[in-house]
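J.: Mind looking at a prediction? Sequence and model below.
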Amino acid sequence: MKDTQFIKVVDFGYGYNALTRKFQFDGCLGHEVGQDQIMEKCKVQRLLDSVLEGYCSAVIACGQTGSGKTYTMCGRNEDKSTHEDGLIAQCVTYIFKTMRKELPGCKRTYSLRASYYEVYNEQVNDLLRLDCAPRDVKWSVKEGYYVDDLLLVDCESVDDVFSVLNEGAKNRKVGSHELNKDSSRSHCIMTLHVDSTSEIGNGTPIVRYGKMLFVDLAGSERLKKSRSSGDMLKETGNINRSLFTLGKVISALAEGKKGDLVPYRESMLTKLLMETLGGNSLSLMIACISPASSVVEETLSTLYYATCTKTIVNAPSINIDERDKVIVNLRKEIDQLKEENRLLRSKLGVPGEGDIKGGTSPQPDVETNQRQMSLAITPFSKPLACVGEENEALVSREPINSNQCGWMLDKERMLTQLRTAERLLCNKMAPNGRENVQDALQHAMWQQEPKAPIIEGIENLSRRTQSFPSAQPLHSYSEDSYKNKSCSISRGRSDDVGVGGQHRKIHLGLVGKQGSASAEEALRWLKSIILVAFKIIEL
Ligand SMILES: Nc1ncnc2c1ncn2[C@@H]1O[C@H](COP(=O)(O)OP(=O)(O)OP(=O)(O)O)[C@@H](O)[C@H]1O
């Protein structure tokens with residue numbers, strides 16, 4: 001329905017019983033919409049800007065065979081007179097244009113690398129290196145599933161990326177059948193890796209790893225209509241099977257299932273799309289359909305598929321190093337504290353800005369990682385101490401009204417969190433051989449001295465906890481049993497406290513009933529666990 005978000009499909013079926021179905025999407029583009037409008041109408045610019053900020057974004061084209069997926073993504077390149085740029089070419093042009101723009105007050109350098117591969121009969125082929133064997137798909141905690149040993153081409157201009165695109169297009173598996181003379185026989189994924197380095201505040205460099213995926217799925221087809229035969233028969237079987245698994249993943253995610261309940265591992269395609277469906281990427285799905293009445297069933301199936309996808313919720317996050325993430329967070333908290341101090345000063349009538357300077361940037365010592373880490377944190381210690389001291393000075397002033405008191409409590413809370421973050425980081429680099437984060441957190445947890453209530457909702461927890469006559473403090477677990485469970489503490493009951501480090505699951509609840517410790521003692525431990533839990537989430 002022109003210029004609306006609706007699409008109406010009328011299936012005349014056999015005779016008088018016409019069936020009308022109406023679907024709503026974020027955008028519905030009819031045949032009057034040209035290639036040059038797709039970027040704007042699908043708001044792809046937003047995805048590209050996010051990539052430049054360090055996010056992962058993806059555009060996935062799906063639909064039955066011959067419906068225009070490859071045309072949408074790659075355009076038409078047969079000859080000069082009919083040449084049309086597809087979405088990938090337009091995105092590449094936009095990315096280079098934006099990368100070259102100087103942003104006021106922000107010095108950033110970018111580098112772009114491109115890769116192109118296909119999933120063909122459950123194997124991954126590097127489209128830029130045809131002479132090598134199919135690539136392995138591996139798993140890492142940091143990256144999830146990834147294709148091992150893929151050729152990444154450094155691209156310094158739009159033309160470099162176009163060369164990659166053309167080389168890949170030339171090498172992808174294509175076949176001819178009744179519904180499309182140039183039908184893709186594989187799922188193709190082109191990835192642009194955009195790394196950017198910028199400096200924050202006192203010159204600390206922060207590297208962000210943005211990624212843009214263009215996924216051109218092979219089309220589903222009915223053998224009765226496509227009349228594929230020979231090798232193409234096997235290909236069609238594999239295409240339909242992987243699309244079926246993709247459908248299962250989408251349905252599971254749409255139902256709100258998580259973890260192992262989502263069958264990502266059942267096909268190569270779904271493993272590689274894990275990040276984009278239900279992961280940390282910003283994703284756009286373009287469902288291509290044909291207006292032909294002969295394929296109305298396939299059209300309806302594509303639209304149901306897309307409707308289901310619409311309900312999936314991803315959790316986008318910037319891809320930066322853990323060290324950088326902590327520094328950015330510390331920086332943010334210091335800025336927040338400064339702002340609060342400014343407000344307090346104006347409320348209390350204290351003149352002037354405090355002498356809060358960023359401190360001098362240290363010269364990095366390259367000898368050890370630990371040393372580098374501590375140097376990276378040093379610039380934050382001085383402003384932190386200054387803001388803290390100023391905070392104490394302001395708090396001791398009279399008279400203080402209830403509003404101001406609220407601010408101070410907030411400030412106290414943030415300062416405590418900031419100090420905890422610092423302490424955790426210091427533990428991470430501690431000299432006693434605790435190098436990995438889990439060890440450090442574990443260490444911090446056993447060492448930590450819990451203080452006054454500092455997080456929201458703690459009072460509720462406290463009330464509930466006190467209803468237990470005797471509670472089990474977590475420190476009654478031996479360090480060994482804690483370790484054996486690979487960083488997870490739990491009492492196995494729904495109302496227990498637990499911290500699952502390995503799977504990054506944090507369960508917060510009440511402390512169990514058994515044991516002899518008092519409720520107050522248990523509560524103190526609960527508070528310290530919550531603090532640590534917050535840090536695990538951040539890290
Ligand atoms: N909107 C459109 N305008 C003009 N031509 C189009 C459009 N969509 C598709 N076509 C043409 O239709 C043919 C089939 O399109 P395309 O190859 O993109 O389909 P596909 O969905 O990728 O199919 P398959 O899944 O079989 O690979 C191509 O010749 C393409 O140029």
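T.: The structure has been received and is ready for your questions. What you see is a predicted model; the values in this text were computed from it and never measured.

J.: and the residue in the stretch 251-400 of the chain that the ligand sits nearest to, how many residues sit next to it?
T.: Going by Cβ to the nearest ligand atom, the ligand is nearest to Cys288 of the stretch 251-400 of the chain, at 5.6 Å. All C-beta atoms are positioned from the backbone trio N, CA, C, and that covers glycine. Other residues within reach of Cys288, judged by other Cβ atoms under 10 Å, total 22.

J.: Specify the beta-bridge partners of it.
T.: Counting by DSSP bridges, Cys288 is bridged to Gly63.

J.: ok now do it, which residues does it touch?
T.: Contacts for Cys288 (Cβ atoms under 8 Å, 6 or more residues apart in numbering) come out as Ala61, Cys62, Gly63, Gln64, Ser67, Gly68, Lys69, Thr72, Thr302.

J.: average pLDDT across stretch 61-74?
T.: For stretch 61-74, mean pLDDT is 91.

J.: right, quick check: it against the ligand, any contact?
T.: Yes. Using Cβ under 6 Å from any ligand atom, stretch 61-74 comes into contact with the ligand via Gly63, Thr65, Gly66, Ser67, Gly68, Lys69, Thr70, Tyr71.

J.: so which helix or strand takes in the last one?
T.: Read it as Tyr71. For Tyr71, the element it lies in under DSSP states H and E is helix 69-74.

J.: So for that helix, what gets flagged as buried?
T.: Using 16 or more other Cβ atoms under 10 Å as the test for burial, helix 69-74 gives Lys69, Thr70, Tyr71, Thr72, Met73, Cys74.

J.: ok, so of those residues, who is nearest Gln336?
T.: Met73 (42.6 Å; Cβ to Cβ).

J.: Skipping adjacent residues, who's closest to the closest one in space?
T.: Nearest non-adjacent residue to Met73, counting by Cβ to Cβ, 6 or more residues apart in numbering: Asp216, 4.7 Å away.

J.: Kindly report the same for Phe25.
T.: Gln5 (5.9 Å).

J.: And the furthest pair within the residues of stretch 61-74 next to the ligand?
T.: Thr65 and Tyr71 (12.3 Å).

J.: For the helix or strand where Ser251 lies, give me every contacting residue.
T.: If you go by DSSP H and E, Ser251 is part of helix 231-254. When contacts are defined by Cβ under 8 Å, 6+ apart, helix 231-254 is touched by residues 62, 119-122, 173, 175, 177, 185-187, 217-221, 223, 226, 228, 261-264, 266-270, 273, 277-278, 305, 308-309, 311-312.

J.: How about the helix or strand following it and the ligand, touching?
T.: Of the helices and strands lying after helix 231-254 in sequence (DSSP H and E), the nearest is helix 268-272. No. For helix 268-272, no contact with the ligand is found by Cβ under 6 Å from any ligand atom; the gap never falls below 13.8 Å.

J.: contact partners of helix 268-272?
T.: 119, 122-124, 137, 145, 147, 187, 189, 217, 242-243, 245-246, 249, 263-265, 277.

J.: One more pass at 6 Å, please.
T.: Val119, Glu122, Val137, Tyr145, His187, Ser242, Thr245, Leu246, Val249, Tyr264 (Cβ atoms under 6 Å, 6 or more residues apart in numbering).

J.: Now restrict those residues to buried residues only.
T.: Val119, Tyr145, His187, Ser242, Thr245, Leu246, Val249, Tyr264.

J.: Just give me the closest of these to Arg108.
T.: Tyr145 (29.5 Å).

J.: so the closest one is in which element?
T.: Assigned by DSSP H and E, Tyr145 falls in strand 144-147.

J.: What of Arg21?
T.: strand 19-24.

J.: Now do the SS call for Glu199.
T.: Per DSSP: H, G, I helix; E, B strand; the rest coil, the secondary structure class of Glu199 is strand.

J.: pLDDT score assigned to it?
T.: pLDDT, read off for Glu199, is 77.

J.: neighbours of the closest residue to it other than its chain neighbours, just the number please.
T.: Spatial nearest neighbour of Glu199, chain neighbours left out: Pro205 (5.6 Å); criterion: Cβ to Cβ, 6+ apart. By the measure other Cβ under 10 Å, the count of residues near Pro205 is 13.

J.: next one: Leu303
T.: Leu303 has 19 nearby residues by other Cβ under 10 Å.

J.: and what of the one 10 residues further on?
T.: Taking other Cβ under 10 Å as the neighbour definition, Val313 ends up with a count of 8.
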